[in-house]
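1. here's a sequence, model it:
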Amino acid sequence: MAVKKIPERMCMGCQEKHPKKEMIRIVRSPEGDYSVDDTGKKAGRGSYICRKRECFEAARKNRGLERSFKSSIDRAVYDELEQQFLDMEKT
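-> Model (predicted):
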């Protein structure tokens, strides 16, 4: 019997690979809106970050999300994503 492959994604903060299910997906919709995708199924370009606050801060500092989305991201978008990230940590 074949072993099922577990999909992995690279964290934009720590640059390490982790199983996709253990990470948070940040998505840019076709309209250009950024949001945290807790289902992993929203339409648009996605980027992944570990569930650690340090990784989010590192991605902000090293502009990992901007490289992933190949566009500049406004500071207000980072603040909104941070609030959504904090809300997810509480639940």
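2. alpha carbons only for contacts and neighbour counts from here, please
-> OK.
3. how much space between residue 57 and residue 63?
-> Distance from residue 57 to residue 63, counting by Cα to Cα, to the nearest Å: 10 Å.
4. same question, residue 78
-> Counting by Cα to Cα, the gap from residue 78 to residue 63 is 11 Å.
5. tell me where this protein has helices.
-> Along the chain, counting by DSSP state H, helices occupy 53-61, 64-69, 75-90.
6. can you redo these as CSV with distance to residue 19?
-> Shown next, in CSV, are the helices of the chain (distance: least, Cα to Cα, whole Å):
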stretch, distance to residue 19
helix 53-61, 15
helix 64-69, 18
helix 75-90, 18
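7. of those, which approaches residue 2 most closely?
-> Closest to residue 2 of the helices of the chain is helix 64-69 (Cα to Cα; 32.9 Å).
8. mind listing what's buried along the closest one?
-> For helix 64-69, a neighbour-count test (16 or more other Cα atoms under 10 Å) marks 64-66 as buried.
9. ok now it, how far from the chain's centre?
-> Taking Cα atoms, centre = their mean, to the nearest Å, the mean C-alpha location of helix 64-69 is offset from the chain mean by 10 Å.
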